[in-house]
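Participant: A structural model of the following input is requested.
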Amino acid sequence: MKKLFGVIGNPIGHSLSPHMHNDLFSLYGIDAHYHPFLVEKGRLAEAVTGLKAIGAAGFNVTIPYKTEIMPLLDWIDPLAKEIGAVNTVVNRDGKLAGYNTDGPGFLKSLEEGFPALVDPAILVIGAGGAARAIYFTLEKTRPAAIDICNRSLAKAQSLVGESQTGVPSSALSIEEAAEKINEYTIIIQTTSVGMHPQTDVSPIGLDGLNKQAHAADIIYNPSETEFLKQARLRGVKTLNGLGMFVHQGALAFELWTGIKPDTDRMRKTVLKQLGGAKC
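Facilitator: Sure thing, here's the model as predicted:
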């Protein structure tokens, strides 16, 4: 019997996950299908019950349900609990287990794009769900420091206040972070600034950026945001969000099937859907 996987969210029509996972099922000869499910506001519990009732083997969770789904699950991985969000669910004999592969996926992308960085001083721009996943994952690698800057300083302070690793960490305003931008080895942009319709805007000024620094953005469409463009023009190595998207999907696929998938193929599948954009 064909296994069912999917992604739930709202909106969901733009998702590239079905293309990526269905190609992998075909590649590895797995009798399965991955389907996007639009879940209307207020109907998440019904949707989860329905997926469980029809025996869905697993599914991804995207905006706006990554936190709301947590009370509906039978077990949650410790990292996902710490992050406060779940993006991958595995059905194990009728019990739903929740994981967060966003942070680990970003880390794999970072290690792939910026190898051999030792004890980096990190600045994370933003304090939303993606920032939380990245912050709690990266602090476990014991960097020299990891600061958070955000338009709402209180939100950045709240996130930093949850850290229990002892890694030096400060909450900064956007202006404060811009003033000391030269002190960071890696600057990570986690907000939606740079996506349509804000494609010509950067969330932070990069004057004074150290040319030995590295700039990463979780956005992959467009392939080069204004933030990455400004970093590149200053001679800095850059990395967009395609790797994060691919690796979070690869980790989910492995949780569902036990197979470590071909991430190069996954990347090519996504690029094909994006119209062959260079990343």
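Participant: Would you state the helices of the stretch 1-150 of the chain in chain order?
Facilitator: With DSSP state H, counting those that start in this stretch as the criterion, the stretch 1-150 of the chain has helices at 17-27, 44-53, 78-83, 102-113, 129-138.
Participant: Just put the ones you listed in a markdown table and tack on mean neighbour count and distance to residue 62.
Facilitator: From N, CA and C alone the C-beta is placed, and that goes for glycine too. Formatted as a markdown table, the helices of the stretch 1-150 of the chain follow (neighbours: other CB atoms under 10 Å; distance: least, CB to CB, whole Å):
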| stretch | mean neighbour count | distance to residue 62 |
| --- | --- | --- |
| helix 17-27 | 19 | 8 |
| helix 44-53 | 15 | 12 |
| helix 78-83 | 18 | 14 |
| helix 102-113 | 22 | 10 |
| helix 129-138 | 24 | 10 |
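Participant: between those, which one is nearest to residue 159?
Facilitator: For residue 159, the closest of the helices of the stretch 1-150 of the chain is helix 129-138, at 6.3 Å, according to CB to CB.
Participant: Quick one: mean pLDDT for that closest one?
Facilitator: Per-residue pLDDT over helix 129-138 has a mean of 96.
Participant: do you know how far the residue most central in space within the chain is from residue 210?
Facilitator: Centroid-nearest residue in the chain, with CA atoms, centre = their mean: residue 102, separated by 3.7 Å. In this view, residue 102 and residue 210 are 27 Å apart by CB to CB, to the nearest Å.
Participant: possible to save the helices of the stretch 1-150 of the chain as a markdown table with distance to residue 37?
Facilitator: Below are the helices of the stretch 1-150 of the chain laid out as a markdown table (distance: least, CB to CB, whole Å):
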| stretch | distance to residue 37 |
| --- | --- |
| helix 17-27 | 10 |
| helix 44-53 | 7 |
| helix 78-83 | 20 |
| helix 102-113 | 19 |
| helix 129-138 | 20 |
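Participant: do you know which of these lies nearest residue 147?
Facilitator: Here helix 129-138 is closest among these (CB to CB), at 9.9 Å.
Participant: hang on, isn't residue 99 packed against residue 255?
Facilitator: Yes. Applying CB atoms under 8 Å as the test, residue 99 and residue 255 come out as touching, 6.2 Å apart.
Participant: which residues touch the residue nearest to the centre of the chain?
Facilitator: The contact partners of residue 102, by CB atoms under 8 Å, 6 or more residues apart in numbering, come to 83, 85, 87, 129-130, 133-134, 244, 248.
Participant: again, but for residue 17
Facilitator: Residue 17 touches 7, 34, 36, 60, 249, counting by CB under 8 Å, 6+ apart.
Participant: where along the stretch 151-279 of the chain do the helices fall?
Facilitator: Counting by DSSP H, counting those that start in this stretch, the helices of the stretch 151-279 of the chain are 153-161, 174-179, 226-233, 242-257, 263-273.
Participant: among those, which is nearest residue 21?
Facilitator: Across these, closest to residue 21 is helix 242-257 (CB to CB), at 6.4 Å.
Participant: Need the residues that contact that closest one.
Facilitator: By CB under 8 Å, 6+ apart, helix 242-257 touches 5, 16-17, 20-21, 24, 28, 30, 57-58, 60, 87-88, 90, 99, 101-102, 104-106, 108-110, 112-113, 218, 220, 223, 259-261, 263, 266-267, 270-271, 279.
Participant: Domain ranges for this protein, per the record?
Facilitator: Under the assignment automatic domain parsing, the domains of the chain span 3-100+243-273, 103-240.
Participant: one step back: okay, residue 99 and residue 255: which has more neighbours?
Facilitator: residue 99 (22 against 16; other CB atoms under 10 Å).
Participant: if we can go back for a sec, which residues do residue 99 and residue 255 both contact?
Facilitator: 88, 90.
Participant: surely residue 169 meets residue 139?
Facilitator: Yes. Between residue 169 and residue 139 there is a contact under CB under 8 Å: 7.2 Å.
Participant: Quick check: neighbours shared by these two?
Facilitator: 146, 163.
Participant: my read: residue 236 touches residue 213, true?
Facilitator: Yes. Judged on CB under 8 Å, residue 236 makes contact with residue 213 at a distance of 5.2 Å.
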